[in-house]
Structures are given as structure tokens and as C-alpha cells.
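K.L.:
what follows is a predicted protein model with its sequence.
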Amino acid sequence: MEGVKHFVLVHGFGHGAWCWYKLINLLKLGGHRVTALDLGACGIHPQQIKRIASAHDYLQPLMDFMASLPQYDRVVLVGHSYGGLCISLAMETFPEKILVAVFITAYMPDCTHPPATLIQEFFKKISIESLMDCRFSFDQGQQNLPTSSLVGPEYTATKDLELAKMLVRPNGLFLEDMGKESLLTEEKYGSISRVYVVCKEDEVMEEEFQRYVIET
């Protein structure tokens with residue numbers, strides 16, 4: 001991992017490329033290349049969430065970017081929170097273009113279960129308090145898992161609050177798409193080295209669940 005690397009940063013639920021601004025600066029000061037992406041209907045991406053009908057639509061900016069990379073350009077692919085599922089599908093599609101994948105307090109699926117399994121387990125294990133001021137939509141009924149969410153401002157760092165108020169947007173979960181079998185294989189996704197960063201002070205995906213993700 002020595003030398004200049006190209007980091008591709010994929011945000012978590014309801015966020016956008018904007019949330020990486022501190023890390024972008026640090027990586028660039030270290031001489032690295034950095035690309036931070038807005039997924040579909042996130043950040044300053046022009047689409048509205050109602051136009052994003054599937055995980056395919058949501059991931060299109062990431063997949064288009066990975067496809068555009070030169071043949072021998074291998075990146076460090078980084079995902080936060082829900083972004084872990086997003087980079088996993090990119091790993092399956094473009095294994096030859098990824099040097100290592102970094103999951104930061106993120107969903108990191110295996111090749112045995114559909115990626116949505118981790119979201120289902122998350123909602124089984126979390127406390128109500130850890131949801132903080134997130135607002136959920138239940139388009140398929142309250143007896144089912146939420147279909148989308150909007151991250152609230154109450155727990156945002158004061159110095160980031162104004163930026164978040166302008167750029168936080170609702171986000172779909174795409175559980176039906178993420179619940180399909182055989183999305184990830186050992187031959188592709190499983191062939192890429194993975195690093196998991198545990199964040200002990202994460203108030204949504206708590207440390208206990210992060211370690212559950214690593215162990216499963």
C-alpha cells in the first residue's frame with residue numbers, strides 16, 4: 001500500500017460526497033488522488049429520490065465511474081455505512097479495478113447471504129435510541145422494514161450542521177434489490193482484500209453490531 005493511491009469514497013445513508021470533505025483534504029495533503037461520488041439522488045446529484053426506482057439507478061454514478069477507469073488503474077474503494085453494500089456490488093462487477101476495499105462502520109456482506117440480510121439484522125438488534133432523529137418512511141406498511149429514511153440534524157456536529165441542512169436528502173433502502181440471491185461471489189467479491197474500520201463512538205451502527213458484521 002506504499003506510494004500514491006487513488007481513493008474512491010462512497011458515502012452512507014442520506015449523505016453525499018460532501019461528507020468526506022475533511023478526509024479528502026487529509027488524503028490530498030498526503031499526495032493521494034481522491035474521488036468522492038454522489039450516488040443517485042444524493043448530495044448534489046440532479047435526480048430526485050422518486051426517480052430512483054432501483055438499486056441499479058442508485059448505484060449508477062459509482063458503476064459509471066468504475067467503468068470509466070483505465071484498464072490498469074486500481075483504486076482503494078471506501079464505503080461508509082450503507083455505502084458498504086454499494087461498494088460490495090462494485091467489487092463484484094469490477095474486481096480487477098480494486099486494490100483493496102475499506103469498510104468504515106459499514107455493512108460488509110458475505111457471499112452466502114443476500115446483502116439485505118445485514119440491514120434486516122441491524123433493525124432487529126438496534127435500540128430505538130440509536131436511531132436518533134432519523135425519519136423513516138414505510139411505503140410497504142409499518143409491519144415491514146422502512147423503505148427510505150432521512151437523517152435528522154440533531155446529532156450533527158455543530159460546524160457541519162449548515163452544510164448538512166443544505167445537502168442531506170432522503171435515501172431509499174432498496175431491500176428487494178439487495179435481497180436477491182447470488183449478488184456476490186467468492187470468485188469476484190471474495191477475491192478482494194478487505195479492511196474494516198471500527199468506530200467505537202458511532203451512535204447509529206454501534207460497536208457491537210460492527211463486530212457482528214466482521215464476524216459473520
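P.N.:
Looks like it arrived, so ask away.
K.L.:
every contact and neighbour count from this point should use C-alpha atoms.
P.N.:
Will do.
K.L.:
residue closest to the middle of this protein?
P.N.:
G83 (0.6 Å; CA atoms, centre = their mean).
K.L.:
contacting residues around the residue nearest to that one when sequence neighbours are not counted?
P.N.:
Residue nearest to G83 in three dimensions, not counting chain neighbours: G12, with 4.7 Å by CA to CA, 6 or more residues apart in numbering. Applying CA atoms under 8 Å, 6 or more residues apart in numbering to G12 gives the contacts 79-84.
K.L.:
now H32
P.N.:
So H32 contacts 4-7 (CA under 8 Å, 6+ apart).
K.L.:
tell me where this protein has strands.
P.N.:
Secondary structure of the chain, counting by DSSP state E: strands at 6-10, 33-37, 75-80, 98-104, 135-137, 148-150, 171-172, 194-197.
K.L.:
let's have those strands in CSV, adding mean pLDDT.
P.N.:
Output for the strands of the chain, formatted as CSV (pLDDT from 0 to 100):
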stretch, mean pLDDT
strand 6-10, 99
strand 33-37, 98
strand 75-80, 99
strand 98-104, 99
strand 135-137, 58
strand 148-150, 49
strand 171-172, 72
strand 194-197, 99
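K.L.:
quick one: which of those is nearest L27?
P.N.:
Counting by CA to CA, L27 lies closest to strand 33-37 out of the strands of the chain; the figure is 7.1 Å.
K.L.:
for Q48, what are its contacts?
P.N.:
Applying CA under 8 Å, 6+ apart, the residues contacting Q48 are A41.
K.L.:
ok, it to G172 distance?
P.N.:
Q48 sits 11 Å away from G172, going by CA to CA, to the nearest Å.
K.L.:
contacting residues around stretch 76-83?
P.N.:
Here stretch 76-83 has contacts from 5-13, 84-87, 98-107, 205, using CA under 8 Å, 6+ apart.
K.L.:
actually stretch 117-124, not the one I typed
P.N.:
Stretch 117-124 has contacts (CA under 8 Å, 6+ apart) with 107, 109, 145, 179, 205, 209, 213.
K.L.:
what's around E121, how many residues?
P.N.:
By other CA atoms under 10 Å, 13 other residues sit near E121.
K.L.:
give the buried residues for the longest helix along the chain.
P.N.:
In the chain, assigned by DSSP state H, the helix with the most residues is helix 55-68. Using 16 or more other CA atoms under 10 Å as the test for burial, helix 55-68 gives 55, 57-59, 61-63, 66.
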